[in-house]
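Colleague: Model the structure of this input:
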Amino acid sequence: MEAKNILFAFTEMGRQTAGRIVQALGLPPEGVRCFVPERLQADGFEGFENLAQVVGTLFAQSETLVFVGAAGIAVRAAAPYLESKLTDPAVIVVDEQARYVIPILSGHVGGANAYAQHLAVLLGALPVITTATDLRDQFSVDTYAKQRHLAIVEKDEIKHLSGALLDGEPIGALTPECGFVVSPQPVGAPFAHTLHLVPQDLVVGMGCRSQTPPEQLYEFVEYVFEQQKWSLYRIRAVASIDVKQAEPGLLALAERLQVPFLTYPAEKLCAQQGIFAGSDFVRRTVGVDNVCERSALCAAVDEGWLPRGSRFERYMRLPKQAKDGMTMAVVGLCEKFL
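Modeller: Okay, here's the model as predicted:
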């Protein structure tokens with residue numbers, strides 16, 4: 001399991017506060033990494049010599065970065081690696097006395113605001129929320145999308161919707177100016193500023209030969225989805241077997257689709273229920289008769305998107321497809337679990 005929660009502290013008091021945060025959140029050891037300057041290194045805390053280098057290495061693969069210290073340190077450390085509020089991890093600052101918890105990046109889609117409010121309750125601290133829609137208790141389309149697993153297509157249109165709401169203007173059916181549409185296919189523009197939100201209701205399981213080029217994998221998925229008349233925005237995750245967890249092509253594919261890449265050991269894939277397109281060759285090679293179908297189902301169940309005991313044939317949207325050493329299958333998520 002790759003640690004998704006990263007904490008930084010810079011003083012002895014900060015290190016103690018970081019320890020409190022880990023304990024309060026109940027984070028498992030494998031799910032968190034804590035960093036301090038080398039002089040403060042101790043059990044559970046890795047030492048760093050160059051903060052910017054560590055942040056740069058971990059930024060894109062993390063979900064949350066918590067800086068226990070001055071907000072300026074967090075801003076300068078994260079600034080070189082920022083790309084988009086829709087893809088950047090949540091960045092939160094906690095003062096070393098744990099009096100204030102301040103989300104400074106990715107408040108909505110990244111979940112920084114919710115994380116900060118939850119952490120503040122656990123620490124008995126004050127959450128400092130600065131996003132306008134939250135302060136005015138206004139509807140936030142990016143928060144709405146995140147909570148409902150909706151992919152945002154026209155990202156630049158968010159500002160038009162949020163601006164209209166903050167200015168007290170109507171959106172949607174009450175005006176032709178701006179609004180959003182929830183649909184499996186992002187087509188049509190009923191408003192001058194139309195934002196399409198696509199339900200992420202599909203999990204793609206994949207297998208491939210070692211060192212398969214990323215572009216080849218993407219073209220394979222793109223072609224299969226075009227044949228089915230599915231939007232790529234519907235993909236919620238890409239899944240495979242754990243021996244592929246460092247496969248460059250699959251990692252690049254998931255990054256390009258902006259979805260997580262989830263991997264599972266052979267024994268967990270073997271435990272999945274249903275009728276699968278098994279292969280003796282695949283079983284001899286990786287210890288399980290089918291990777292793409294089983295991993296798609298395993299990811300959906302393991303992440304809580306399908307109920308335990310789900311069978312592949314019930315939720316299968318596309319059985320095993322194969323081309324040039326690549327395989328893929330698609331599992332659909334039932335509406336109750338979206």
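Colleague: Excluding its own residues, what touches the helix or strand hosting residue 146? List them.
Modeller: Secondary-structure assignment from DSSP states H and E places residue 146 in helix 141-147. With Cβ atoms under 8 Å, 6 or more residues apart in numbering as the contact definition, helix 141-147 has outside contacts at 85-86, 108-109, 111, 133, 150-152, 158, 161-162, 180, 195, 197. C-beta coordinates here come from the backbone N, C-alpha and C atoms, glycine included.
Colleague: Then stretch 211-218?
Modeller: Contact with stretch 211-218 is made by 206, 208, 247-250, 252-253, 256, 324-326, as judged by Cβ under 8 Å, 6+ apart.
Colleague: Taking the residues you listed, please make a PyMOL selection of just the buried ones.
Modeller: A single PyMOL command is used to select the members of the contacts of stretch 211-218 judged buried by 16 or more other Cβ atoms under 10 Å:
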select buried, resi 206+208+247+249+250+252+253+326
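Colleague: Direction included, what does the very next helix or strand once past the helix holding residue 146 pair up with?
Modeller: Sequence order places strand 150-152 as the next helix or strand after helix 141-147, per DSSP H and E. Strand 150-152 sits in its sheet next to strand 193-199 (antiparallel), going by DSSP bridges.
Colleague: thinking again about what came up before, residue 176: which of the contacts of stretch 211-218 is nearest?
Modeller: The nearest member of the contacts of stretch 211-218 to residue 176, counting by Cβ to Cβ, is residue 256 at 34.3 Å.
Colleague: re earlier: show the average pLDDT along the helix holding residue 146.
Modeller: For helix 141-147, the mean pLDDT works out to 82.
Colleague: Restricting to C-alpha, output it in PDB.
Modeller: Taking Å, rounded to 0.1, in the frame of the first residue of the first chain, the C-alpha atoms of helix 141-147 are listed here in PDB:
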ATOM      1  CA  VAL A 141     -20.300  22.500  -8.400                       C
ATOM      2  CA  ASP A 142     -16.900  21.000  -7.900                       C
ATOM      3  CA  THR A 143     -17.800  19.700  -4.400                       C
ATOM      4  CA  TYR A 144     -21.100  18.400  -5.800                       C
ATOM      5  CA  ALA A 145     -19.200  16.500  -8.500                       C
ATOM      6  CA  LYS A 146     -16.700  15.100  -6.100                       C
ATOM      7  CA  GLN A 147     -19.300  13.800  -3.600                       C
END
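Colleague: hang on, the earlier thing: out of the contacts of helix 141-147, which one has the weakest pLDDT?
Modeller: Among these, residue 133 carries the weakest pLDDT, at 68.
Colleague: just to revisit the earlier point, just the contacts of stretch 211-218 now: which is nearest residue 295?
Modeller: Nearest to residue 295 out of the contacts of stretch 211-218 is residue 206 (Cβ to Cβ; 7.3 Å).
Colleague: quick revisit: just the ones in helices from the contacts of stretch 211-218, please.
Modeller: Judged by DSSP state H, the contacts of stretch 211-218 include 248-250, 252-253, 256 as members of helices.
Colleague: can you list those residues in a markdown table and add pLDDT and distance to residue 143?
Modeller: Formatted as a markdown table, the ones in helices among the contacts of stretch 211-218 follow (pLDDT from 0 to 100; distance: Cβ to Cβ, whole Å):
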| residue | pLDDT | distance to residue 143 |
| --- | --- | --- |
| 248 | 95 | 33 |
| 249 | 96 | 33 |
| 250 | 97 | 30 |
| 252 | 95 | 29 |
| 253 | 96 | 27 |
| 256 | 93 | 25 |
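Colleague: Farthest-apart pair in those, please.
Modeller: The most widely separated members of the ones in helices among the contacts of stretch 211-218, counting by Cβ to Cβ, are 248 and 256 (12.2 Å).
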